[in-house]
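Trainee: The following comprises the amino acid sequence and a computationally predicted model.
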Amino acid sequence: MTDVNERDSGVDDDAAGETGSKADAEAGAGDEAEPDAESDRVPVLLVREDRTYLVEPGGEQGTDLGVLEVPEDVQPGDTIETHLGDEFRVRRLRGPDLFHHFERTGAPMVPRDIGLIIGETGIAQGDRVLDTGTGTGVLSASMARAGASVVTYERDPEFADVARENMKLGGVAEAVDVRTGDLTEDVEELDLSSFDVMTLDTGDAADLVGHAPELLVEGGFVAVYSPFIESTRAVVETAREAGLSNVRTRETIQREMQFDDRGSRPSTAPVGHTGYLTIARNV
């Protein structure tokens, strides 16, 4: 998402352990293949213990265990050997894998918060979503994988370029329109009642919430994610003034459980706060 938001850094540390070390990439004989813009081949995950790589069928991946050549007709459940004879299992790409494998331009929205947004708004096949604060693009890609078509705005041109590449990597480039620009400047040009859901992950979300009644279909939802209480309060006040209904805010927080020989209890690691999620409805 945009750089105004700060995420739970503990999640990023966990992700690093699942995607293979930097030494793997440096020791490998080839880089991870990037999908062709015209290709409809969805990448697959190559897994061995704590190493996971996202590679397009027909591509090549260098690892510290040797080079993996991925067949064009590769299928989940297959086994592929490196040129040194080490085996990797092929696994189908799933939504949470995007968080771990997309190129990052900041701290992306974590899977649990994406799940809350999709669950609370009911995003499904055929929905049209207006998003802003694209950043890495994990939320946009996840909504597209749920069946929605997404128009997402990113102010930073370099971030937008990375997001477009990530959409190709996630196999959803056709469903996600990444636009370079500021939604606050373009909002008047959008068609009225043309979206089922609005998702906002940007510091000026309060300025955009006021447009929700004119942009959303009747019964449509707006979901606003913010790491700060002050901006969250501004969003809630604007949503109420705009006549949106069922306005509610929840803190997104989880505690990981710890099980060992001494007993069971919540982990003493940092509490898993990520932010505040506000949901409202256009009815």
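Mentor: Here it is on my side, so go on.

Trainee: Quick one: the helices in the stretch 1-150 of the chain, in order.
Mentor: 9-18, 22-27, 95-101, 111-121, 138-145 (DSSP state H, counting those that start in this stretch).

Trainee: So which residues make contact with the longest one?
Mentor: So that's helix 111-121. Helix 111-121 is contacted from outside by 95-96, 99, 123, 138-139, 142-143, 146, 197, 199, 221, 223, 225, 250, 252, 254, 274-275, 277, 279, using C-beta atoms under 8 Å, 6 or more residues apart in numbering. From N, CA and C alone the C-beta is placed, and that goes for glycine too.

Trainee: same thing with the third one?
Mentor: By C-beta under 8 Å, 6+ apart, the list of residues contacting helix 95-101 from outside reads 15, 18-19, 45, 52, 54, 108, 110-111, 114, 138, 141-142, 145, 166, 169-170.

Trainee: Can I have the buried ones of those residues as a PyMOL selection?
Mentor: Buried residues within the contacts of helix 95-101, by 16 or more other C-beta atoms under 10 Å, are selected in PyMOL with:
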select buried, resi 15+19+45+52+54+108+110+111+114+138+141+142+145+166+169+170
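
Trainee: Now restrict the contacts of helix 111-121 to buried residues only.
Mentor: Using 16+ other C-beta under 10 Å, the buried members of the contacts of helix 111-121 are 95-96, 99, 123, 138-139, 142-143, 146, 197, 199, 221, 223, 225, 252, 274-275, 277, 279.

Trainee: Report the central residue of the chain.
Mentor: By C-alpha atoms, centre = their mean, the chain has its centre lying nearest to residue 138, at 1.4 Å.

Trainee: Give me the pLDDT value at residue 22.
Mentor: pLDDT for residue 22: 37.

Trainee: ugh, wrong one, I meant residue 14
Mentor: Taking residue 14 on its own, its pLDDT is 43.

Trainee: and what of residue 98?
Mentor: According to the model, residue 98 scores 88 on pLDDT.

Trainee: can you count the residues close to it?
Mentor: Neighbour count for residue 98, taken as other C-beta atoms under 10 Å: 27.

Trainee: and the gap between it and residue 151?
Mentor: 19 Å (C-beta to C-beta, to the nearest Å).

Trainee: ditto for residue 139
Mentor: 13 Å.

Trainee: Quick check: neighbours shared by these two?
Mentor: Common neighbours of residue 139 and residue 151 (C-beta under 8 Å, 6+ apart) are residue 131.

Trainee: returning to that earlier point: just confirm the residue nearest to the centre of the chain contacts residue 103, I think it does.
Mentor: No - applying C-beta atoms under 8 Å as the test, residue 138 and residue 103 come out as separate, 10.9 Å apart.

Trainee: overlap in contacts of these two?
Mentor: Both residue 138 and residue 103 are in contact with residue 166, where contact means C-beta under 8 Å, 6+ apart.

Trainee: Next up, the contacts around residue 215.
Mentor: Applying C-beta under 8 Å, 6+ apart to residue 215 gives the contacts 130, 187, 190, 192, 193, 194, 195, 198.

Trainee: try 7 Å
Mentor: Neighbouring residues of residue 215 by C-beta atoms under 7 Å, 6 or more residues apart in numbering: 130, 190, 192, 194, 195, 198.

Trainee: Could you dump the residues you listed into CSV with distance to residue 88 added?
Mentor: Formatted as CSV, these follow (distance: C-beta to C-beta, whole Å):
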residue, distance to residue 88
130, 39
190, 45
192, 50
194, 44
195, 41
198, 41
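
Trainee: buried sites along stretch 128-141?
Mentor: Under 16+ other C-beta under 10 Å, the buried positions of stretch 128-141 are 128-141.
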